[in-house]
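Got a predicted structure here, sequence first:
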Amino acid sequence: MAETPSFLKVLKGETCSPPPVWFMRQAGRYLPEYRELRAEKGGFLDLVYDPPAAAEVTLQPLRRFGFDAAILFSDILIVPHALGQDLRFEAGEGPRLSPRVDETDLGSLSPSLERLEPIYETVRLVRGDLPEGAALIGFAGSPWTVATYMVAGEGTKEQAPARLMAYRDRPSFELLIERLVDTTSAYLIGQIEAGAQAVQLFDSWSGSLAPAEFDRWVIEPTRRIVDRLRRDYPCLPIIGFPKGAGARLADYAAATGIDALGLDETVDPDWAAKTLPRDLPLQGNLDPMALLAGGPALTDSIRRIRGAFSGRPHIFNLGHGISKDTPIAHVEAALQEIRA
């Protein structure tokens, strides 16, 4: 039998040295092979909904760098697209969703869950071609973060439209979150059934909420998704990434039941190592700007993170997505230092 990938060992609580490593957004615009395929296929969604192309993009960084895990090439807004919102990506401006939830009756959106089928096929294709020793991560956006886009129709400063709706119209916002919990759970189960060996929930905007709202819209929906996945897949690892949670990280980990906790670049590694449970696998948390800068700043940052998390379950990663301007040589240098 093939040996269990080190990435999965760490998620089960083992300590590996050197730690397994993958980078958020490791498949993307900083890679020339990605840019070439994107130019051939057209827009971003054309790639996402083309399983052979999406599988190729998912595997590109593993072929080039030998990362210990692949993460599905997709987007967190596939779920609202499947729920009936139109999704498009404007050049230089990011995603746009319509109609906005704050302008329409949520019940008027017509779910098109068949839009998720190409994503599952991508997972199947990647799993079939995964290099030995590597693992495959599925993912979804957490309900709060996805809801912020659905309410405003785009990314917004401080997520004000969604925060305001959550205060002004609790019943409607609760209905939206409930719909997202159900759909996201089913979506992740579909990825697992297709071959994902772990899943990650991205809550990119969790840091914008007041404490009670964080409990209501970040912790509770995440807990419900984790509970739903546990019913069918009790042993499958779940990573939570509540960006900006700061001092609430321990509460989030304990209350949601996730198996591993992703740390963004604002978290002090020494604080995290001392404060968070010793047996909780941690993932992170190199500043993407340090990777972009390269040189001594990159080396020093890596050594500090490695030192802080030495002797505990740790997956080396970035604190957020890799910058599109990151030189290939800097990624190579980072991996050499991490694996030294």
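In hand now; what should we look at?

If you tally nearby residues, what's the number for Trp235?
Trp isn't right for residue 235; it's Cys. In terms of burial, Cys235 registers 7 neighbours under the definition other CB atoms under 10 Å. To be clear about C-beta, it is placed using only N, CA and C from the backbone, and glycine gets the same treatment.

Look at it and tell me its secondary structure.
In terms of secondary structure, Cys235 is coil; the call rests on DSSP: H, G, I helix; E, B strand; the rest coil.

Check Ala70 too.
Here Ala70 is strand, with the state taken from three-state DSSP.

Please renumber the chain so that the first residue is 613 from this point on.
Taking 613 as the first residue, the last one we looked at is Ala682.

How many neighbouring residues does it have?
28.

swap in Phe751?
Burial of Phe751, expressed as a neighbour count using other CB under 10 Å, amounts to 21.

strands paired with the helix or strand where it lies, and their directions?
Applying DSSP states H and E as the criterion places Phe751 in strand 747-753. Next to strand 747-753 in the sheet, as set by DSSP bridges, lie strand 681-683 (parallel), strand 810-815 (parallel).

Out of the ones you listed, which gets nearest to Gly858?
Between Gly858 and the strands paired with strand 747-753, the shortest gap by CB to CB is with strand 810-815, which sits at 12.8 Å.

pLDDT on that closest one, on average?
The predicted model gives strand 810-815 an average pLDDT of 98.

go on, stretch 890-903?
For stretch 890-903, the per-residue pLDDT averages 97.

Next, the distance between the ends of it.
Between the opening and closing residues of stretch 890-903 there is a gap of 27 Å (CA to CA, to the nearest Å).

And it, how far out from the chain middle?
13 Å (CA atoms, centre = their mean, to the nearest Å).

hey, what's the residue minimising distance to the centre of the chain bridged with?
Nearest to the mean C-alpha position of the chain, by CA atoms, centre = their mean, lies Phe814 at 4.1 Å. With DSSP bridges applied, Phe814 shows beta-bridge pairing to Gly753, Phe853.

so it makes contact with Thr757?
Yes. Phe814 is in contact with Thr757 according to CB atoms under 8 Å; the separation is 6.5 Å.

Now for these two: what residues contact both?
Residues touching both Phe814 and Thr757 (CB atoms under 8 Å, 6 or more residues apart in numbering) are Ile688.

leaving aside the residues next to it on the chain, what's closest to Glu766?
By the measure of CB to CB, 6 or more residues apart in numbering, the closest residue to Glu766 outside its immediate chain neighbours is Arg708, 5.5 Å from it.

Same list (the strands paired with strand 747-753) but as JSON lines, adding distance to Ile837.
Formatted as JSON lines, the entries for those read as follows, by distance: least, CB to CB, whole Å:
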{"stretch": "strand 681-683", "distance to Ile837": "18"}
{"stretch": "strand 810-815", "distance to Ile837": "7"}
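
of those strands, which approaches Gly719 most closely?
Once the strands paired with strand 747-753 are compared by CB to CB, strand 810-815 is nearest, at 25.6 Å.

Could you point out the helix or strand that follows the closest one?
Beyond strand 810-815 toward the C-terminal end (DSSP H and E), the next one is helix 823-826.

Just the buried residues of that next one, please?
Phe826 (16 or more other CB atoms under 10 Å).

Quick one: mean pLDDT over that helix.
Helix 823-826 comes out with an average pLDDT of 97.

Give me the residues contacting that helix.
Contact with helix 823-826 is made by Arg775, Ala778, Ser818, Ala857, Arg860, as judged by CB under 8 Å, 6+ apart.
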